[in-house]
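Chemist: With the sequence up front, the predicted model follows.
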Amino acid sequence: MRLVLALILASQLFGQQAIFPLREIRAGQHGIGKTVFSGNKIEEFQVEILGVLENLGPKQSIILARLSGGPLAKTGVMQGMSGSPVYIDGRLVGAVALGFSFATEPIAGIRPIEEMFAVADQPARELAQRRPAERRRGPASPADSDSLATRLVEIATPVSFSGFTAATLEHFAPELKKLGLEPRQGVSGGGAIPAKLGDPDQLRAGDMISVDLLSGDLSVGAEGTVTAVDGKHVYAFGHRFLSVGATELPFARAEVLTLLPNLSASFKISTARQWMGAITQDRSTSIYGELGRKAETIPISLSMQDGRRSPLSYHMQMVNDRVLSPFILQMAVYSAIDATERTLGLGSYSVRGSVEFLHNIPALKLDNAYAGDFNVPLQASSGVASPLAYLLSSGFDALKIKNISLEIQASEHKHLLQIDQIMASRKQVRPGQSVDLIVTFTAENGVVTDRTVHYTVPVGAPLGTLNFTVSDATYSNLLDYQQIAATQAKSPTQVISFLNDLRPNTNAYLRVWRSDAAFQVQGADLPDPPPSVGLILARAQAAQGTWFARGSKVDELHIDTGNVVVSGSKNVAIEVED
């Protein structure tokens, strides 16, 4: 029934453009395909129908065909050919979309055009809130290569990374492959594309396009081929890109620089030339978009300063996606640091920046510092991306990002203090009396620094053990995160407030606490409640808005250590007596 509706829709959309329905496909039929092998010239190749594979996917059939002509005898079915239209007797059959891994002949699977047209009839839905690994199965490992060689798989979408360092792609390659992306460096011209949208009449079936996740000084673009164009409607790829459903991804007309025959998988080397519109649907059988529509993207400005040379500035436009945006931002920050500084060995980074939102929502602060011996750039880039990922995953539609700005200052010295020990001036104390806590820090060069904190035990404090834990920001923030994660945020402002209140790494934090049960009710701490109240809250701890915590926080004091990162945790206990 759905295919019948798709046929009706196709006739409405394409008017005089005739389609060749799946039910009329027979083995032995011959047709032509169209794609770009060089520049922007659309060339033809020959197609011989071998048969139809019924129900290859859920309610999906694939037309099996042998391709020939042009360079295909040498390259086989190439990455970048996804979406190449196929015609029989001048009528549109579908798009080249699948192939066999390690095949010695250009045998391809053609996606029937009816299934591609059905994408336009799908209702717009919220962006899929799935983990990257669930979106699309990545390339095969050696263990399942034999299995892949005997079955049809979607032609991998080549994704070009321009401006990124080799170390960045190497580090993030496993996550990129979980997204179903085949990262390639140095196979795209990249660079800035003029902001003006191109003439819709210039885009034709068979043209090469680039769907961009990031553009500007750093760029990430996925290449494929246009299957059909009618007015403002565009169908391409013949399979999913990231399977995000309703989306908004800018796409540009691309130019093929050359073809690269490869024993594993040949591919086109191309570069984006002119913006054309936005992809609005990314489904299992096709991507669909609109010409002349400007996609909403996020401006990013990033400045890198190391004190030895003029700051390096990066300006980019990034897609607005709950899963992809934090990941792409992390890659951009990591690459900017890697291009300027060493990623191994001693290093310190100070990050200052913000994420601004529309609709008068407060900005998210991204101010922190990082130092260590190994891969500190990963800590810094993760420290930028993690708060944004947490915020976007909260599910508030009102969170529309206006822009992201970052300034990073780097040093090849390790500005870090290790918490060595904490000592109390007395072991017993009475309510109302004071105790001195001496905290010892050790620097990288062995220099020892002491800080003394005076604490007065409140009058009326319960008798028993009183604990003093001095720790870094990571440990202290984790305790708060565990509490807030168990409650349902009521507004985006509440989530941003929590993130902005997280402690920076450049202080030590002295937590005063007791071992009595503590609870959190509607985001507020309720330490050491009366036994009757505690019993009720303990029974309701699984209910929304309550959480059972270990230890009842009495107080927290900040220990200023200057603009130096603090690491470690130590504890001391005293007895409160009569």
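Modeler: Ah, there it is. Residues are numbered from 1 along each chain as shown.
Chemist: got a list of what the residue nearest to I42 when sequence neighbours are not counted touches?
Modeler: The shortest distance from I42 to any residue other than its chain neighbours is 4.0 Å, reached at G206 (Cβ to Cβ, 6 or more residues apart in numbering). In short, each C-beta sits where N, CA and C put it, glycine included. With contacts taken as Cβ atoms under 8 Å, 6 or more residues apart in numbering, G206 has the following neighbours: K34, T35, V36, I42, S84, P85, T225, V226.
Chemist: now G216
Modeler: If you count contacts by Cβ under 8 Å, 6+ apart, G216 has them with A192, I300, Y314, H315, M316, Q317.
Chemist: So what's the predicted local confidence for E556?
Modeler: According to the per-residue confidence, E556 scores 92 in pLDDT.
Chemist: again, but for G28
Modeler: The confidence metric pLDDT takes the value 95 at G28.
Chemist: Looks to me like it is in a helix.
Modeler: No - checked against DSSP: H, G, I helix; E, B strand; the rest coil, G28 lies outside a helix; its state is coil.
Chemist: Look up phi and psi at it.
Modeler: Note on G28: its backbone torsions stand at phi 100, psi -10 [degrees, to the nearest 10].
Chemist: For E48, see how far away it is.
Modeler: Distance of G28 to E48, given as Cβ to Cβ, to the nearest Å: 8 Å.
Chemist: okay, these two: which has more neighbours?
Modeler: Higher neighbour count among G28 and E48: E48, with 15 against 8, using other Cβ atoms under 10 Å.
Chemist: who's the more buried one bridged to?
Modeler: H30, R66 (DSSP bridges).
Chemist: For the contacts of G216, pick the one with the most neighbours.
Modeler: Of all these, the most densely surrounded is I300 (26 neighbours; neighbours counted as other Cβ under 10 Å).
Chemist: isn't that residue right next to V319, touching?
Modeler: No - using Cβ atoms under 8 Å, I300 is not in contact with V319, being 11.1 Å away.
Chemist: Flag the shaky bits of the stretch 151-300 of the chain, pLDDT-wise.
Modeler: Counting by pLDDT under 70, the low-confidence segments of the stretch 151-300 of the chain come to 180, 185-192.
Chemist: hey, where'd the strands end up in the stretch 201-350 of the chain?
Modeler: Secondary structure of the stretch 201-350 of the chain (DSSP state E, counting those that start in this stretch): strands located at 208-216, 219-230, 233-236, 245-260, 267-282, 287-291, 297-305, 312-319, 344-357.
Chemist: What is the helix or strand that comes right after the last one packed up against?
Modeler: Downstream of strand 344-357, the first helix or strand assigned by DSSP states H and E is strand 364-365. Under the contact definition 3 or more Cβ pairs under 8 Å, 6 or more residues apart in numbering; DSSP states H and E, strand 364-365 sits against strand 344-357, helix 376-392, helix 492-500.
Chemist: Try it again at 6 Å.
Modeler: helix 492-500 (3 or more Cβ pairs under 6 Å, 6 or more residues apart in numbering; DSSP states H and E).
Chemist: which parts of the helix it packs on are buried?
Modeler: Residues of helix 492-500 classed as buried under the neighbour-count rule (16 or more other Cβ atoms under 10 Å) are P492, Q494, V495, I496, F498, L499.
Chemist: what's the angle between it and helix 376-392?
Modeler: On the basis of axes from the mean of the first three to the mean of the last three Cα atoms, to 10 degrees, helix 492-500 is oriented at 160 degrees to helix 376-392.
Chemist: what about helix 492-500, average pLDDT?
Modeler: Rounded to a whole number, the mean pLDDT of helix 492-500 is 91.
Chemist: other SSEs contacting that helix?
Modeler: Taking 3+ Cβ pairs under 6 Å, 6+ apart as contact, the helices and strands that helix 492-500 lies on are strand 364-365.
Chemist: just how off-centre is the strand it packs on within its chain?
Modeler: Strand 364-365 sits 18 Å away from the centroid of its parent chain (Cα atoms, centre = their mean, to the nearest Å).
Chemist: The helix or strand following that strand pairs with which strands, parallel or anti?
Modeler: Where DSSP H and E defines the elements, the next helix or strand beyond strand 364-365 is strand 368-374. In the sheet, strand 368-374 lines up against strand 344-357 (antiparallel) (DSSP bridges).
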